[in-house]
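Participant: Got a predicted structure plus its sequence, pasted below:
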Amino acid sequence: MAPSELPLEVQERALDHLHGDLKSLKSCSFICRAWTHTTRLHLLWTIVLNTEHDAIRFLSLLEESDQLGTGVASGVRELQLPMGDSYYQEHTEMTYELLRSISRRLPVVEVLYVKHFNITAFMEYLWSDDEAFNLQDAISSILVFPRLKAIHYNYLELRSTSELLEFLGAFPTVSSLHAHNISDHRRVEPWPLERTAIQDFVARRHQGCITIQDIMGDNFVTRLEALSELLAALTVPPFDLRLKRLGWTDEGMVAGWDDFLPVLVPMFRRAEATLEHLEFAFRSSDVWLEHLDLANHCRLKSLSLTFRLSSRDHWPHVPLFLSRITSTELRTVDFHFYSSEQHFLREFFDWPALSDALIALHRKCLTMTVTFYFCTYAGCGTTGIPDAIDPLRVRIASVLAIGMRVVVDRRVVTSKGGLFTDGWIPIVSKRVVLEA
């Protein structure tokens with residue numbers, strides 16, 4: 001292809017917009033040699049190893065790249081471990097040796113997805129009764145990721161949450177922990193948490209503690225105690241909880257947020273000097289909001305609240321919760337509404353009180369943007385984009401009158417996600433700035 005008259009930086013910026021379109025990226029990689037580097041970065045950024053066969057093929061690619069010097073390994077930033085369910089128990093040794101060979105060729109992986117991976121079998125394979133044995137040394141002998149920043153636990157069934165912590169202990173550089181769809185079954189003796197062993201391992205790598213700044217998750221589907229144990233364990237050495245981002249939903253939990261408060265409130269207060277981003281989703285009752293006071297969280301920059309609506313839902317405490325915010329750094333407040341209907345604007349809020357709370361926030365944070373997301377589910381009799389603009393304009397007229405920036409995003413969503421997406425994603429979307 002003849003060289004484009006556009007500067008290469010502009011061409012690369014255009015290619016960046018194709019980051020989720022693998023087919024187009026592959027086509028572009030063959031069209032112009034100058035595009036090879038950028039397209040390869042996007043194509044290789046996330047590698048999913050669903051099966052042993054995937055792992056074997058990817059290892060072959062890495063070995064060929066080493067010989068040719070094409071730099072495939074330097075483009076991989078996110079890796080999903082191959083599934084470790086019962087199908088693969090006959091080949092565990094082969095699976096783990098493949099992982100060892102692959103991980104040693106991926107020096108810049110930053111995000112590790114542990115999805116459907118049998119952590120229990122992995123640890124039992126590594127275990128030794130030798131007095132000098134250290135489980136974290138054994139894990140890091142197979143999974144070598146010196147720059148790892150985040151671990152995503154997805155769809156795991158465990159004997160106890162100690163297994164998550166023992167695994168986490170092998171990666172001292174991790175600061176972000178995501179946990180989704182975790183089942184904790186005490187049908188057998190739980191795996192013991194060896195804090196001293198983890199501490200020794202971390203110290204030998206010249207780090208005092210594993211500092212967790214980001215916790216996101218949902219769906220601890222069997223025992224609330226398991227979630228409480230996990231979060232409480234992160235507050236004491238060899239872990240150090242200094243939260244900048246906290247996001248959790250109660251969907252799938254046996255108990256609601258009220259039963260979770262004894263763990264949530266201390267963790268929330270502990271983050272008063274550090275918390276910048278807060279995300280929560282709600283059931284039909286938000287009484288627990290009375291116990292969360294944002295008055296001392298002076299670094300808060302973004303707040304996201306999600307509501308799944310039914311005909312009887314009502315959240316009277318949301319305006320009070322917002323009115324307690326004192327941060328002058330707040331930049332975004334997002335309200336996400338999910339419903340199977342298209343008529344969203346019922347009186348599930350005290351709208352005058354909500355408007356007063358938003359106006360008070362605007363006086364402290366003049367550049368703040370409020371976004372209302374109205375999402376309806378595809379396949380539920382949906383005929384088009386939800387109509388919520390005019391009803392919302394009436395309900396928050398006083399907010400619009402003072403010049404606050406208000407955005408309305410209306411979507412039809414589906415649950416069919418991408419490589420790692422388990423939530424709802426938009427298939428149709430319209431976004432407008434609401435004016436008085």
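Facilitator: Done, it's in.
Participant: I figured T235 hits R269, correct?
Facilitator: No. Using C-beta atoms under 8 Å, T235 is not in contact with R269; the gap is 11.3 Å. From N, CA and C alone the C-beta is placed, and that goes for glycine too.
Participant: Helices of the stretch 201-350 of the chain, start to end?
Facilitator: With helices called from DSSP state H, counting those that start in this stretch, the stretch 201-350 of the chain shows them at 224-233, 257-270, 318-323.
Participant: want to throw the ones you listed into TSV with distance to N118 and mean neighbour count?
Facilitator: Below are the helices of the stretch 201-350 of the chain laid out as TSV (distance: least, C-beta to C-beta, whole Å; neighbours: other C-beta atoms under 10 Å):
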stretch	distance to N118	mean neighbour count
helix 224-233	18	20
helix 257-270	27	16
helix 318-323	41	19
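Participant: can you tell me which of those the model trusts least?
Facilitator: Taking each of the helices of the stretch 201-350 of the chain in turn, the lowest mean pLDDT turns up on helix 257-270, with a mean of 74.
Participant: Nearest spatial neighbour of L44, chain-adjacent residues omitted?
Facilitator: G75 (3.5 Å; C-beta to C-beta, 6 or more residues apart in numbering).
Participant: Quick check, that neighbour in contact with T46.
Facilitator: No. Checked against C-beta under 8 Å, the pair G75 and T46 is beyond contact range at 10.1 Å.
Participant: Give the residues shared as contacts by the two.
Facilitator: Counting by C-beta atoms under 8 Å, 6 or more residues apart in numbering, G75 and T46 have no shared contacts at all.
Participant: low-scoring pLDDT stretches of the stretch 51-200 of the chain, where are they?
Facilitator: 83-92, 185-188 (pLDDT under 70).
Participant: for it, what spans make up the helices?
Facilitator: Assigned by DSSP H, counting those that start in this stretch, the stretch 51-200 of the chain shows helices spanning 52-68, 92-103, 119-126, 135-142, 162-168, 195-204.
Participant: and these as CSV, adding mean neighbour count?
Facilitator: Formatted as CSV, the helices of the stretch 51-200 of the chain follow (neighbours: other C-beta atoms under 10 Å):
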stretch, mean neighbour count
helix 52-68, 14
helix 92-103, 18
helix 119-126, 17
helix 135-142, 19
helix 162-168, 22
helix 195-204, 17
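Participant: mind checking the SS state of V413?
Facilitator: Three-state assignment for V413 (DSSP: H, G, I helix; E, B strand; the rest coil): strand.
Participant: wait, what's in contact with it?
Facilitator: V413 makes contact with 338, 375-378, 424-427, according to C-beta under 8 Å, 6+ apart.
Participant: any idea how far it is from R105?
Facilitator: To R105, V413 is 38 Å away according to C-beta to C-beta, to the nearest Å.
Participant: What of V433?
Facilitator: Distance from V433 to R105, by C-beta to C-beta: 48 Å.
Participant: These two: which is more packed in?
Facilitator: Neighbours were counted for V433 and for R105 using other C-beta atoms under 10 Å; R105 has more, 17 against 10.
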